[in-house]
Structures are given as structure tokens and as C-alpha cells.
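Q: would you be able to build a 3D model of this:
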Amino acid sequence: MTRATETSPEELAVIAVEIAEEAARHVRRRRPELFPHSGHTGEASSVSTKSTPTDPVTVADTESELLIRELLRARRPDDAVLGEEAGGSDVVPAGVRWVVDPIDGTVNFLYGIPAYAVSVAAQVDGVSHAGAVVDVARGVTYWAAVGGGAWSRGAGDQAPRRLRANPVDDVALALVATGFGYSPERRRAQGAVLAELLPRIRDVRRVGAAALDLCMVASGAVDVHFEHGLSPWDWAAGALIAAEAGAHVRIPPAASRAIDGYPTVAAAPGIAEEFLALLTEVGGMERLPG
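A: Next up is the predicted model:
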């Protein structure tokens with residue numbers, strides 16, 4: 001029997017929560033140090049770019065991931081790690097792999113918009129078994145272990161709160177969260193899908209952090225999240241949390257990356273079938289590479 005099979009999802013969730021919360025404390029401290037004025041008017045050396053000029057990475061992203069990797073190495077030295085900034089194997093390994101987004105919502109972090117998160121998930125053979133997402137600015141932690149439900153805890157909460165997706169049963173009343181890619185071509189295609197969808201739902205929200213969007217489905221703050229081109233670190237923890245809260249979830253293959261353009265969908269159970277049919281009708285279940 002391997003160590004992976006000896007460790008329960010609940011034990012992995014405890015580790016994910018502790019490490020994500022420690023990283024979130026670091027990110028919370030660093031924001032006013034890196035950007036002491038409004039917006040992103042800190043030192044130019046604090047920010048660089050990745051896939052396009054509109055896809056930034058900050059010093060805090062790299063520091064947060066380094067901290068998470070160090071904490072994981074101390075707790076789980078034999079496990080693999082896949083992170084947004086430092087990467088990892090493109091092949092899904094056997095056993096436990098930790099999938100890490102050190103700051104999900106970097107543009108929000110950069111501008112001082114209070115919607116960015118740290119996400120830490122434990123996958124076994126490419127399937128999420130435990131995960132935690134910390135809303136850094138609000139100080140709220142979301143977590144789940146497979147089969148154990150989804151939970152949240154705020155800074156002032158006396159006890160964890162069990163999460164349930166909304167009981168909405170009419171797509172026309174659905175509040176839908178979404179996001180957009182960085183390439184102009186994908187944005188054009190996403191805009192066309194959204195133009196067809198918007199007249200047939202309640203409204204749309206664009207928060208700017210997919211991990212938080214998925215947790216918002218779990219908590220009932222929105223009814224649906226869909227987005228094309230997420231990488232595993234974007235959905236590994238949040239999709240599990242949404243699923244354990246009762247949402248119907250479709251995720252990309254574990255080895256895929258943003259460039260592949262697969263859709264990610266999490267929908268409240270009472271509208272999941274209807275919303276997926278609608279999204280298929282308007283081309284939203286197709287891949288949008290770019």
C-alpha cells in the first residue's frame with residue numbers, strides 16, 4: 001500500500017487548509033508593501049508578464065508559490081507539485097500531486113480589487129481528493145474533501161458553515177459567473193458565446209478569479225460558473241468544493257492547460273441540465289483554443 005492510499009481525503013484537506021491560509025497571510029501582508037499607493041503604482045520590478053502583456057505575474061505570486069512548496073516539502077516530501085508559476089510535470093503522476101495557484105486573480109491583486117485567492121488542492125491520479133481556497137481580502141476559507149461535503153469559515157465565525165448550491169430551478173433566473181482569456185482571438189469567441197447567452201439568463205458577473213467563482217457556486221453567491229481555457233491550478237480545488245456543495249461540475253482533462261481551451265462548468269443542480277443544453281446550443285461547450 002502506498003502512502004497516497006494511506007492518507008485520507010480529510011487529512012489532505014487539513015493540510016491544504018493550513019498551507020493555503022499561511023500563504024494567504026503572506027499575500028495579505030505583501031500587497032501594501034509592494035503597492036503602497038492606490039492601483040498598481042508600486043515598483044516596476046514587482047510585476048512582469050507571462051503569456052501576453054495583459055497576463056501579469058507579481059513578486060507576491062512567486063513568493064507565495066515558493067512558500068507553499070516549502071510547506072508541502074516539510075509535510076509531504078514525496079508528493080509531486082504542480083504550480084502556476086514554477087510549473088511541474090505535464091504528465092499526471094501516480095499518487096498524490098498538489099496543484100497550486102499562489103494568487104488566483106493576479107490582475108485584481110495588482111489593481112487592489114479585493115477578489116483574489118490562494119488555491120491548494122491534492123489530487124490522486126489526477127482526481128481532486130481535497131482542496132482549499134482562501135479569499136485573501138475577505139479572510140474566508142473554503143474547503144472540501146471528497147465525500148465529506150464543502151465548508152467555509154470566515155475570520156469571525158465560531159464554527160464552519162456547510163455549503164449548498166442554490167435551489168434555483170429556472171435558467172432564466174440564473175446569475176452566471178464567467179471569465180475571459182488573455183488572447184484577443186479567445187476573447188472574441190467568448191464574447192460571441194456570452195452575447196447569445198446573456199438575453200436568456202438573469203445576469204452575468206465577472207469577478208476575475210475562477211477559484212472564487214467556483215466557491216461562489218458552492219456558497220450560493222452565484223448559480224453557475226463557466227469559463228474556457230482554465231488550467232488545473234484554476235479549478236483543482238474550487239471545482240471539488242462546488243461539487244461537494246451539490247453543483248454539477250464539468251472540468252477539463254487533468255493534463256490540459258489554458259491554451260487547450262476546454263470549458264469548465266459548475267451549475268446548481270436544479271438548472272444544470274437546462275444550462276448545459278443552453279450552453280451547447282450557443283457553442284459554449286466547444287473548445288476555444290488560443
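Q: can you tell me the helix or strand for the most centrally placed residue in the chain?
A: Per Cα atoms, centre = their mean, the C-alpha nearest to the average position across the chain is that of Ala211, at 2.1 Å. According to DSSP states H and E, Ala211 maps onto helix 210-219.
Q: how far is the helix or strand following that helix from where the chain is centred?
A: Using DSSP H and E, the helix or strand that follows helix 210-219 in sequence is strand 224-228. Its chain's average C-alpha position is 11 Å from that of strand 224-228, according to Cα atoms, centre = their mean, to the nearest Å.
Q: mean confidence (pLDDT) on strand 224-228, please.
A: The average pLDDT within strand 224-228 is 98.
Q: same question for stretch 18-27.
A: The average pLDDT within stretch 18-27 is 98.
Q: buried stuff in it?
A: Neighbour counts using 16 or more other Cβ atoms under 10 Å place 19-24, 26-27 of stretch 18-27 among the buried residues. (Glycine included, C-beta is placed from N, CA and C.)
Q: can I get those in CSV with secondary structure and distance to Val207?
A: Converted to CSV, these look like this (DSSP: H, G, I helix; E, B strand; the rest coil; distance: Cβ to Cβ, whole Å):
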residue, secondary structure, distance to Val207
Ile19, helix, 23
Ala20, helix, 18
Glu21, helix, 21
Glu22, helix, 24
Ala23, helix, 20
Ala24, helix, 17
His26, helix, 22
Val27, helix, 17
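Q: picking that back up, I'd guessed the residue nearest to the centre of the chain sits against Pro232; true?
A: No - Ala211 sits out of contact with Pro232 when judged by Cβ atoms under 8 Å, with a separation of 11.4 Å.
Q: and the pLDDT for the residue nearest to the centre of the chain?
A: Listed pLDDT for Ala211 reads 98.
Q: now stretch 17-36, how far from the centre of its chain.
A: For stretch 17-36, the distance to the chain centre is 17 Å (Cα atoms, centre = their mean).
Q: try stretch 113-122
A: The chain centre lies 7 Å from the centre of stretch 113-122; the measure is Cα atoms, centre = their mean.
Q: do stretch 139-148 as well
A: Stretch 139-148 has its C-alpha centroid displaced from the chain centroid by 13 Å (Cα atoms, centre = their mean).
Q: that's all I had, so thanks and see you.
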